[in-house]
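>>> Have a look at this prediction, sequence included:
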Number of protein chains: 2
Amino acid sequence: MKKLIEFIPNFSVSREHDNETCEELIKVAESVKDCMLLDFQSDGNHNRSVITMIGTPEGIEEAAFLLCKKAAERIDLRKHTGEHPRMGATDVMPFVPLKGTDIGECVELSKRVAKRIWEELQIPSFLYEESCTREERRNLANCRKGQFEGMNEKLQLPEWAPDFGERKVHETAGITAIGARMPLIAFNVNLDTDDLQIAKKIAAAIRGSSGGFKYCKALGIPLEDRHIVQVSMNMVNYEKTPLYYPFEMIKTLAESYGVKVIESEIIGLTPAKAMLDCAAFYLKAHDFDCMEQVMEYRLLEGEE
Amino acid sequence: MKKLIEFIPNFSVSREHDNETCEELIKVAESVKDCMLLDFQSDGNHNRSVITMIGTPEGIEEAAFLLCKKAAERIDLRKHTGEHPRMGATDVMPFVPLKGTDIGECVELSKRVAKRIWEELQIPSFLYEESCTREERRNLANCRKGQFEGMNEKLQLPEWAPDFGERKVHETAGITAIGARMPLIAFNVNLDTDDLQIAKKIAAAIRGSSGGFKYCKALGIPLEDRHIVQVSMNMVNYEKTPLYYPFEMIKTLAESYGVKVIESEIIGLTPAKAMLDCAAFYLKAHDFDCMEQVMEYRLLEGEE
């Protein structure tokens, strides 16, 4: 069975501000052997682009280096503005085990990439998520705090030496967060009310950080054009916290406020299993075994 | 994108009665290029075995002929007993479009196989399901009526000439039904009652033949060892009649009798999409697009 890893690097650039650099990054992503570009998303307000690609561990390792190199050549963070917090031209590089591999292999891969971008490009890095060497670096937001402009000062703090590289950001390309994590699913639930407080209270109830589901991150936000509110979630381990946990909980909590769930949205890609587990739950198909009973899994298994 | 067809031939033999023939059939299924054996089920009471395999159209066409040949060499229907109705050593050969192909291509393939087994093996056949040349042959049960023992008499009737071959069964291998159909999902729902009449009434309400869902076949049966009853379904077109239609209807009908749904079962294989559609429905993810958003589909697309 061929091993497959997902790779979702974020770059501090957007089509609106510099379309040519976006095209160059896409070209690099498409050029690497045994990799496939699945998606390219660019946001002008955030001045940020996200590549989604999959490939063999070897292919993805090479693609990560080449993309980071291209971004360093073309992006000057000193001139970068945008709403999204950032600290590097390549801001963050997550590696996700998809098939025939595990989180440990992705951790090792992330460390090799971090070493190489320091040695060959002089870009320092923090290891985050499952690759982290200190617990306070697990969370990307902690690593990025201070952003590009405040990073050289932060790097002088005893506990904030980069995992690879010196205590000084690359002059134009900054510093990068690199790590392995489980697949993340962006899952939103829209509520039939314009009362933002209800969405915020429900989000607080369901997210792990305030006592809810361990692998659920959640925020209440307004959808102003539709005059409704949304519970916006990142599901960071769909195996341990399946999507139907927060969905059912949101339904119940909303009902207690006299509010209905209008719909949900899956944003971007999801592993099939996250949805198949929901189907089995709602159909009460308790003995359903995805790996054995879903035809497409058998097809994937059969690949060389 | 590689074309893939599923093939699920049924043979009038079982491990209990003739294990060696079962092993020989498995050997043939495993030997054909560009095919993969997914499953072999054998039932001693029915004295019947079912192979599930997938492969390219060319591979499956060859496998169909070779399996039919092997079954004809080894099975003598004159000596066959078993609870399941049957008319051939290879009793039925359905071809199912899976990926990169459609029902029309499977119909053409089924006709080539039917022609070849007549010309080279002198086994006549009826074309059934989507391959049928007369509407009354669409249903397998109609074709098989009279079974092996009554078939020579039936073949004399003006409307029952075989589609390929003479009006006379093969002396030991009988006659075979060959056709193309959509994937079939065996889907059962267990009810918390031992009243068989309730299962029968619900089955009658939901099945297409008596006014229910067009692509749902259903029977009410007892699960005697568990002292409960089951609505046992074949979903013959999950795109047009999704699994959650009968499931929700059964829940509602059962409730009207004061009965609860205990659980459901998917028996054997299902295309992922049948389950993904259920997940999207229950999560109210109305805009969910399987082909675009499910990672594994993207992987399958990427295959040569």
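That came through fine.

>>> quick one: A:Cys106 and A:Glu130 touch, right?
Yes: A:Cys106 lies in contact with A:Glu130 (Cβ atoms under 8 Å); the separation is 7.3 Å. Glycine gets a C-beta too; all of them are placed from N, C-alpha and C.

>>> Name the residues contacting each of these two.
Residues touching both A:Cys106 and A:Glu130 by Cβ atoms under 8 Å, 6 or more residues apart in numbering or on different chains: A:180-181.

>>> quick one, which of these two is more surrounded?
A:Cys106 (27 against 18; other Cβ atoms under 10 Å in any protein chain shown).

>>> OK, contacts around the more buried one?
Applying Cβ under 8 Å, 6+ apart, we find A:Cys106 in contact with A:5, A:95-97, A:130-131, A:180-181.

>>> Highest neighbour count among the residues you listed?
A:Phe95 (30 neighbours).

>>> can you tell me which residues contact that one?
Applying Cβ under 8 Å, 6+ apart, we find A:Phe95 in contact with A:5-7, A:60, A:64, A:106, A:109-110, A:113, A:179-181.

>>> List the ones among these that fall in helices.
Counting by DSSP state H, those place A:60, A:64, A:106, A:109-110, A:113 in helices.

>>> any idea how far A:Phe164 is from chain B?
Distance from A:Phe164 to chain B, counting by Cβ to the nearest Cβ, to the nearest Å: 30 Å.

>>> Which residues does that residue form beta bridges with?
Here A:Phe164 sits in beta bridges with A:Ser125, going by DSSP bridges.

>>> pretty sure it is in contact with A:Glu120, am I right?
No: with contact defined as Cβ under 8 Å, A:Phe164 does not count as touching A:Glu120 (11.5 Å).

>>> Could you pull up phi and psi at the residue lying farthest from the centre of chain A?
Here the centre of chain A is the reference, and by Cα atoms, centre = their mean the most remote residue is A:Gly258, at 33.7 Å. Main-chain torsions, A:Gly258, degrees, to the nearest 10: phi 70, psi 20.

>>> which residues touch A:Asp225?
A:Asp225 neighbours (Cβ under 8 Å, 6+ apart): none.

>>> And it, how far from B:His286?
18 Å (Cβ to Cβ, to the nearest Å).

>>> now do A:Lys217
Going from A:Lys217 to B:His286 by Cβ to Cβ gives 24 Å.

>>> ok, these two, which is more surrounded?
A:Lys217 (17 against 11).

>>> quick one: strands adjacent to the strand or helix carrying the more buried one?
Assigned by DSSP states H and E, A:Lys217 falls within strand A:216-223. Next to strand A:216-223 in the sheet, as set by DSSP bridges, lie strand A:228-235 (antiparallel).

>>> How far does the partner strand sit from its chain's centre?
Mean-position distance between strand A:228-235 and its chain equals 16 Å (Cα atoms, centre = their mean, to the nearest Å).

>>> measure the residue lying closest to A:Val236 once chain neighbours are set aside to A:Glu136 for me?
Residue nearest to A:Val236 in three dimensions, not counting chain neighbours: A:Tyr215, with 4.8 Å by Cβ to Cβ, 6 or more residues apart in numbering or on different chains. Separation of A:Tyr215 from A:Glu136 (Cβ to Cβ): 19 Å.

>>> So the two - more neighbours on which side?
Shown here are A:Tyr215 and A:Glu136; by other Cβ under 10 Å, A:Tyr215 has more neighbours (19 against 10).
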